[in-house]
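1. Got a sequence here, can you model it:
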Amino acid sequence: IYSRGISLRSEKVNVAGIARALGGGGHTYSAGAPIDNADVDSIIEVISRYLEPLKPSQISQ
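-> Sure thing, here's the model as predicted:
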């Protein structure tokens, strides 16, 4: 998270879906979204909901 947006990168997880849920977009493994006045807790909630159904092997090394 930086002052005006969030940058998402992954080698295994499709982060474009997370970015779209936050109002952004991008490529499968590299995406971003603006956060204009967004609550950090809300951002974490969206990311957590997206990652929850994934198997641990899909989100860790």
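
2. So for the helix or strand harbouring Ile44, what gets flagged as buried?
-> Element membership for Ile44 (DSSP states H and E) is helix 40-51. Within helix 40-51, the residues that count as buried by 16 or more other Cβ atoms under 10 Å are Ile43, Val46, Ile47, Tyr50. The C-beta positions use only the backbone N, C-alpha and C, and glycine is treated the same way.

3. Could you dump these into CSV with distance to Gly32 and pLDDT added?
-> Output for the buried residues of helix 40-51, formatted as CSV (distance: Cβ to Cβ, whole Å; pLDDT from 0 to 100):
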residue, distance to Gly32, pLDDT
Ile43, 12, 89
Val46, 14, 91
Ile47, 13, 91
Tyr50, 15, 91
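
4. I'd like to know which of those is nearest to Ala21.
-> Val46 (5.1 Å; Cβ to Cβ).

5. need the contact list for the closest one.
-> By Cβ atoms under 8 Å, 6 or more residues apart in numbering, Val46 lies in contact with Ile18, Ala21, Leu22.

6. Thanks a lot, see you next time.
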